[in-house]
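with the sequence up front, the predicted model follows.
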Amino acid sequence: MRNVIRGIVGLTAVFNILLGIGFLIDPAQLGLRFFITALGTQGLATIRADFPAFFLTGGIFALVGAWRAWRTPLLVPLCLLGLAISGRAISLVADGAPAHAFPPMVAEAVMIMILALGWNSFDREGAR
């Protein structure tokens with residue numbers, strides 16, 4: 001069972017890593033899928049810097065956690081996703097709740113649950 005969880009956490013990691021790479025390669029197009037448009041080259045640079053930082057950091061730490069069956073690295077993506085979903089919840093209260101606001105929250109909640117499952121299943125110090 002633990003190896004299945006490692007695989008699911010690993011797939012979550014790869015998904016985030018691919019998103020991060022996508023923002024590096026084509027920030028304008030992927031930004032549109034996230035309802036973000038860049039204002040000029042500096043806007044593209046911001047998308048190219050900030051989104052890969054989020055997704056690659058979370059994905060790499062999740063991958064390390066899955067690879068070694070080590071729970072500690074999972075704290076990074078858990079914190080990132082927890083802050084992201086909290087920001088979305090605040091936005092729902094402050095800005096309203098359009099229908100397209102919920103799919104990203106569901107995706108983040110699912111990833112949080114997967115990472116929490118890994119946290120509960122993995123070792124404190126990693127596989128030996």
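It's in.

for the lowest-mean-pLDDT helix or strand in the chain, buried residues please.
For the chain, counting by mean pLDDT, DSSP states H and E, helix 27-33 ranks last in confidence among helices and strands (a mean of 92). By neighbour count with 16 or more other C-beta atoms under 10 Å, helix 27-33 contains the buried residues 27, 30-31. (C-beta placed from N, C-alpha, C; glycine too.)

now do stretch 105-121
Across stretch 105-121, burial judged by 16+ other C-beta under 10 Å covers 108, 111-112, 114-115, 118-119, 121.

which helices and strands sit right next to the longest helix along the chain?
The residue-count maximum for a helix in the chain (DSSP state H) belongs to helix 40-68. Judged by 3 or more C-beta pairs under 8 Å, 6 or more residues apart in numbering; DSSP states H and E, helix 40-68 is in contact with helix 2-25, helix 27-33, helix 75-95, helix 102-121.

out of the ones you listed, flag the one nearest residue 68.
Residue 68 lies closest to helix 2-25 among these, at 9.1 Å (C-beta to C-beta).

which residues are in contact with the closest one?
30-31, 47-48, 51-56, 58-60, 62-63, 65-67, 69, 74, 77, 111, 114-115, 117-118, 121-122 (C-beta atoms under 8 Å, 6 or more residues apart in numbering).

how about the nearest residue to residue 52, chain neighbours excluded?
Of all residues not flanking residue 52 in the chain, residue 20 sits nearest, at 4.2 Å (C-beta to C-beta, 6 or more residues apart in numbering).
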